[in-house]
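**Student:** compute the structure for the input listed below.
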Amino acid sequence: MADLFDTGPDDTAENAPRPLADRLRPKKLSEVIGQSQVIGPDAPLTVMLEAGSLGSVIFWGPPGVGKTTIARLLADETDLHFVQISAIFSGVPELRKVFEAAKQRRRTGQGTLLFVDEIHRFNKAQQDGFLPHMEDGTILLVGATTENPSFELNAALLSRAQVLVLERLELADLERLAQRAEVELGRTLPLDGPARENLLEMADGDGRALLNLVEQVMAWNVEKPLNSAALAQRLMKRAAQYDKSGDAHYNLISALHKSVRGSDPDAALYWFSRMLDAGEDPRYLARRITRMAVEDIGLADPQAQAICLQSWETFERLGSPEGELAIAQALVYIALAPKSNGVYVAYKAARAAARKTGSLVPPKHILNAPTQMMKDQGYGSGYAYDHDAEDGFSGQDYFPESMGRTEFYNPVERGFERELKKRVEYFARLRAKRNT
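**Tutor:** All right, here's what the predicted structure looks like:
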């Protein structure tokens, strides 16, 4: 009986139709397009194969960049039996059968390369189930995931496998793939130059998606090459890869935030538009933009926070799509606003000091004394009423007595905080004068 999940030759008729992506699947690693950082000269997999010491690996990357193909070719290169499962369709019973079949092969001297697609879908217990079989050599694990392994995979599993990052294909890589498809099909794509480039862009770095698009275009009966407008009429643009709770979401919001912090309104508008096009909720973006104003601008421009809140409210009143323009205006404003994290740094330092000295009581001279007993204890004694002092400033110490005065806030020389810095320095000079 054939092994469970065996992916060896089947009895499908040789003349049965096969998708173009399957027909163009590389037969050896040197035929793989892209991913030179993984399979190029001196790259990790190349070094492992040359040393004859291939270890378990986790491929992390977007769809359609060659994770499954490279796993198959690794099995060929190392004479291991290739078994493929998907975490979406497999559970503990299926895993047990896979491990038992691998043990039987091992007894006959045959190793097993187990390729697990969407490995992040397995829960902690299922991931733990791989460990003893990896350690005793029953399987060599090759996992594939589109999610960040450091968040989705157990530390124990990650400690036994090397994470290799596969990247989306560049336009030059996609062009090579399109040319390979044309050779396979025996004719060129019926597109002019700009339309051909548009087709490559529609694939959005996904080789499998490109080959599916090529297959569609090649099936059309056209008399002359199509231009971009005709191509757009016949093909819907592929939706950008985006998951509101996944890596793409956090990568794009990080890019947006850092563009604002870097005072680049053009880049900020680009990432803002990317997220909107991917279906992000404008309310989420309005909230994050307000956070940027608080965290990265602060008192360097006190209006920034108010402008962000106003844009948020405007969106709620106008709705979409007009309301997005108000958020975009706030985005440009905060990108160009003077930047300061002075209060943010001071706040974190004050919180740390408060945690460290949390039981210290205020000095007695700033404690209220509503009863005679409290007055007898010295509560309120020696308090200087600032309005009665010269310049309206007494210069007293308000920190706990055993702690002493501590400086947290250091304004920057930018925007309105430049004025606040002058005030801080002014009061520091007065305090020194009063204390002497």
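**Student:** quick one: Ala354 and Ala268, what's the gap?
**Tutor:** 35 Å (Cβ to Cβ, to the nearest Å). Yep, even glycine has a C-beta here, placed from its N, CA and C like the rest.
**Student:** roughly how far does the residue lying closest to Asp391 once chain neighbours are set aside sit from Glu417?
**Tutor:** Closest residue to Asp391 apart from its sequence neighbours, by Cβ to Cβ, 6 or more residues apart in numbering: Leu430 at 6.2 Å. Distance, Leu430 to Glu417, by Cβ to Cβ: 20 Å.
**Student:** for those two, indicate the residue with more neighbours.
**Tutor:** Applying other Cβ atoms under 10 Å to Leu430 and Glu417 shows that Glu417 carries more neighbours, namely 25 against 17.
**Student:** the more buried one contacts Asn341, doesn't it?
**Tutor:** No - in this structure, Glu417 is not within contact of Asn341 by Cβ atoms under 8 Å, at 10.4 Å.
**Student:** can you work out which residues contact both of the two?
**Tutor:** Common contacts of Glu417 and Asn341 (Cβ atoms under 8 Å, 6 or more residues apart in numbering): Gly298.
**Student:** picking up where we left off before, just the pLDDT for the residue nearest to Asp391.
**Tutor:** If you check Leu430, the pLDDT there is 89.
**Student:** so it is in which element?
**Tutor:** Applying DSSP states H and E as the criterion places Leu430 in helix 417-435.
**Student:** name the residues that touch stretch 369-388?
**Tutor:** Taking Cβ under 8 Å, 6+ apart as the rule, stretch 369-388 contacts Lys364, His365, Ile366, Leu367, Asn368, Gly392, Phe393, Ser394, Gln396.
**Student:** what's the farthest-apart pair in those?
**Tutor:** Within the contacts of stretch 369-388, two members stand farthest from each other by Cβ to Cβ: Lys364 and Gly392, at 23.1 Å.
**Student:** the more surrounded of these two?
**Tutor:** More crowded of Lys364 and Gly392, by other Cβ under 10 Å: Lys364, with 16 against 10.
**Student:** excluding its backbone neighbours, what's nearest the more buried one?
**Tutor:** Gly378 (4.7 Å).
**Student:** kindly report the same for Arg261.
**Tutor:** Asp296 (4.9 Å).
**Student:** in contact with the one you found, which residues?
**Tutor:** Counting by Cβ under 8 Å, 6+ apart, Asp296 makes contact with His257, Val260, Arg261, Ile334, Lys339, Ser340, Asn341, Tyr344.
**Student:** host element of the second one?
**Tutor:** Translated: Val260. Counting by DSSP H and E, Val260 is part of helix 247-261.
**Student:** would you mind getting the angle between the helix or strand that that helix is followed by and helix 247-261?
**Tutor:** Once the chain leaves helix 247-261, the next helix or strand it forms, by DSSP H and E, is helix 265-277. Angle between the axes of helix 265-277 and helix 247-261 is 150 degrees (criterion: axes from the mean of the first three to the mean of the last three Cα atoms, to 10 degrees).
**Student:** which residues does the helix or strand following helix 265-277 contact?
**Tutor:** As assigned by DSSP H and E, the chain's next helix or strand after helix 265-277 is helix 282-292. Identification of contacts with helix 282-292 by Cβ under 8 Å, 6+ apart yields 253, 256-257, 260-261, 272, 275-276, 305, 308-309, 311-312, 315-316, 320, 323-324, 327, 330-331, 334.
**Student:** filter those residues to the buried ones?
**Tutor:** Among the contacts of helix 282-292, the ones that count as buried by 16 or more other Cβ atoms under 10 Å are 253, 256-257, 260-261, 272, 275-276, 305, 308, 311-312, 315, 323-324, 327, 330-331, 334.
**Student:** which secondary element of the chain has the worst mean pLDDT?
**Tutor:** None of the helices or strands of the chain scores lower by mean pLDDT, DSSP states H and E than helix 372-376, at a mean of 83.
**Student:** out of Ala354 and Ala268, which sits in the busier spot?
**Tutor:** Neighbours were counted for Ala354 and for Ala268 using other Cβ under 10 Å; Ala268 has more, 26 against 10.
**Student:** and the gap between the more buried one and Ala293?
**Tutor:** Note on Ala268: its distance to Ala293, by Cβ to Cβ, is 13 Å.
**Student:** and if you look at Ala330?
**Tutor:** Counting by Cβ to Cβ, the gap from Ala330 to Ala293 is 8 Å.
**Student:** quick check: neighbours shared by those two?
**Tutor:** Both Ala330 and Ala293 are contacted by Ile307, Cys308, under the criterion Cβ under 8 Å, 6+ apart.
**Student:** centre of the chain to stretch 132-142, how far?
**Tutor:** Here stretch 132-142 shows a centroid-to-chain-centroid distance of 30 Å under the convention Cα atoms, centre = their mean, to the nearest Å.
**Student:** which other residues reach it?
**Tutor:** Applying Cβ under 8 Å, 6+ apart, the set of residues contacting stretch 132-142 is 54-59, 71, 74, 78, 80, 98-99, 102-103, 106, 111-116, 130, 160-161.
**Student:** quick one: buried residues of that stretch?
**Tutor:** His133, Met134, Thr138, Ile139, Leu140, Leu141, Val142.
**Student:** what do you get for stretch 77-91?
**Tutor:** Residues Leu80, His81, Phe82, Val83, Gln84, Ile85, Ala87, Ser90 are the ones in stretch 77-91 that count as buried (16+ other Cβ under 10 Å).
**Student:** identify the bridge partners of the fifth one.
**Tutor:** Under the criterion DSSP bridges, Gln84 forms beta bridges with Phe115.
**Student:** doesn't Phe115 make contact with it?
**Tutor:** Yes - contact criterion Cβ under 8 Å: Gln84 and Phe115 qualify, at 4.6 Å.
**Student:** who touches both of these two?
**Tutor:** By Cβ under 8 Å, 6+ apart, the residues touching both Gln84 and Phe115 are Thr68, Ala71, Arg72.
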